[in-house]
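> need the 3D shape of this:
(one chain, ligands or ions: 3)
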Amino acid sequence: MITLKDLTAPQKVTWCSGCGNFGILSSLKKALVSLEIPHHEILLVSGIGCSGKLPHYINVNSIHTLHGRAIPVATGAHLVNQDLKVIVHAGDGDMLGEGLGHMLHAARRNVNIAVFVHNNGVMGLTKGQYSPLSPRGYISVTSPPPPGVPMEPVSYLAMAIASGATFVARAFSGKTKHLVEIMSKAIQHKGFAIVDILQPCVTWNRQLTWDYYNDKVYLIEDEYEPSDKIAAIEKVMESNERIPLGVFFQAEKPDLASGLSIPIDGKLKDHQTSLSRLQDIIDRFVLE
Ligand SMILES: Cc1ncc(C[n+]2csc(CCOP(=O)(O)OP(=O)(O)O)c2C)c(N)n1
Ligand code: SF4
Ligand SMILES: [Mg+2]
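Ligands and ions are numbered 1, 2, ... in the order given. Below you'll find the model as predicted:
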């Protein structure tokens with residue numbers, strides 16, 4: 001079984017000092033160790049952004065793919081080898097700008113992957129443009145005053161619940177014990193799991209700071225029951241005065257792989273590919 005030492009990667013970490021991504025990285029490592037998943041059964045898939053660099057800093061199999069396209073890559077990897085625990089790391093710009101359509105369809109399909117959204121409310125890597133999660137009025141290079149960002153952020157957890165996601169949660173990179181718990185549950189969940197991880201960007205986002213979150217976050221009450229879709233949507237859309245952390249919604253439902261009619265019994269990757277059959281197929285599409 002893996003240890004924290006096995007997960008240590010040689011690459012120099014280039015995140016800014018004080019960035020919330022550090023708490024996400026250390027929590028992911030702890031979650032993977034505590035779940036005792038064999039090393040070769042873990043696959044991280046990331047998009048482009050400061051968040052997308054996370055797989056460079058942890059020694060596991062990974063694919064650093066295109067901005068907005070981590071979910072299709074993760075879906076393909078999961079379908080060809082269902083022994084893998086496929087985990088996506090993406091920024092709010094990546095997942096909820098160019099990637100939003102993929103996220104909603106993966107939720108609808110209940111693809112058995114865990115998606116961790118690094119929510120810093122800004123496009124960090126590209127130097128501070130506003131993102132789909134920047135608050136109304138947020139001032140940035142692309143949203144100058146007045147009025148700053150002239151619209152509300154995307155209510156993507158509510159959209160994920162409405163679309164069919166079967167595990168929907170929020171955590172904060174400043175509360176790592178809780179974050180490890182939530183990440184572990186998301187990774188273990190069979191179906192589409194998505195976690196909003198509040199992550200201060202100390203370089204560009206001067207509004208959503210460590211103090212801002214420390215002041216507002218609270219753990220969802222013990223008596224909250226995460227099986228009611230409508231109650232879950234109301235909970236995730238609670239006012240910005242207090243920000244709930246925890247599991248909003250959880251359900252059991254057939255995942256994409258178990259509902260497909262093609263025989264992907266286990267591992268499509270082990271099926272023999274006949275090159276001559278492949279050539280026949282290509283030939284059918286070649287125009288004379
Ligand atoms: C297809 C494509 N579109 C746009 C970009 C430019 N780009 C790279 S990172 C990024 C924004 C990253 O913001 P976010 O996803 O929030 O990640 P963060 O850096 O904040 O972690 C953009 C727009 C790109 N590399 N590829
Ligand atoms: S720019 Fe922001 S998100 Fe990127 S590493 Fe620096 S603090 Fe973190
Ligand atoms: Mg971002």
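> going by proximity to ligand 3, name the top residue of the stretch 101-250 of the chain.
Asn120 (4.3 Å; Cβ to the ion). Heads up, the C-betas are built off the backbone N, CA and C, glycines and all.
> surely that residue and Gly91 touch.
Yes. Using Cβ atoms under 8 Å, Asn120 is in contact with Gly91, at 7.1 Å.
> those two: which is more packed in?
Neighbour totals were compared for Asn120 and Gly91, and Gly91 leads with 34 against 30 (other Cβ atoms under 10 Å).
> could you give me the average pLDDT of stretch 120-132?
Stretch 120-132 carries an average pLDDT of 98.
> can you pull the contacts of the residue of the stretch 101-250 of the chain closest to ligand 3?
Asn120 is in contact with 20, 50-51, 91-92, 131, 199-201, 204-205, 208, counting by Cβ atoms under 8 Å, 6 or more residues apart in numbering.
> if you set the cut-off to 7 Å instead, what comes out?
Contact analysis of Asn120 by Cβ atoms under 7 Å, 6 or more residues apart in numbering lists 20, 92, 199-201, 205, 208.
> before we move on, what about Pro200?
20, 120, 208-210, 213.
> which of the residues you listed sits closest to ligand 2?
Asn120 (5.1 Å; Cβ to the nearest ligand atom).
> that older thread, most neighbours among the contacts of Asn120, which one?
Highest neighbour count within these: Gln199, with 30 neighbours (other Cβ under 10 Å).
> that one touches Val117, doesn't it?
No. The pair Gln199 / Val117 is not scored as a contact, 9.0 Å apart, by Cβ atoms under 7 Å.
> any part of the strand or helix carrying Pro72 near ligand 1?
Element membership for Pro72, per DSSP states H and E: helix 70-80. No. Using Cβ under 6 Å from any ligand atom, helix 70-80 stays clear of ligand 1, with a minimum separation of 10.1 Å.
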